[in-house]
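Visitor: Let's see this in three dimensions:
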Amino acid sequence: MPTLIALAYLDALLTTARHRVRDRDQVHHETGASTLELVIIILGLIAVAGVLVVALTAAVQRRVDQIN
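Guide: Down below sits the predicted model:
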């Protein structure tokens, strides 16, 4: 009888350990973008916007020079 109780106790410990490992793995595997990824994307978008502003400014300046 004590062997059966010991086996039940070990089974409960093993089940608890499995659940903790599963929960820990789910926390570390995010499905969304990390903060660093978002910062890199935003900086890229700002750079593209800056290039567009420079291109539009140059185009408008050329037109103004043609009119004058």
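Visitor: most centrally placed residue in this protein?
Guide: residue 33 (1.8 Å; CA atoms, centre = their mean).
Visitor: Which residues are in contact with residue 34?
Guide: Neighbour list for residue 34: empty [criterion: CB atoms under 8 Å, 6 or more residues apart in numbering]. (Glycine included, C-beta is placed from N, CA and C.)
Visitor: gap between it and residue 41?
Guide: Separation of residue 34 from residue 41 (CB to CB, to the nearest Å) stands at 11 Å.
Visitor: cool, residue 60 as well?
Guide: According to CB to CB, residue 60 and residue 41 sit 29 Å apart.
Visitor: for residue 58, same thing?
Guide: Applying CB to CB, the value for residue 58 to residue 41 is 26 Å.
Visitor: which intervals of the chain have sub-threshold pLDDT?
Guide: Residues of the chain meeting the criterion pLDDT under 70: 1, 24-32.
Visitor: can you list the domain ranges for it.
Guide: Per automatic domain parsing, the structural domains of the chain span 1-31, 32-68.
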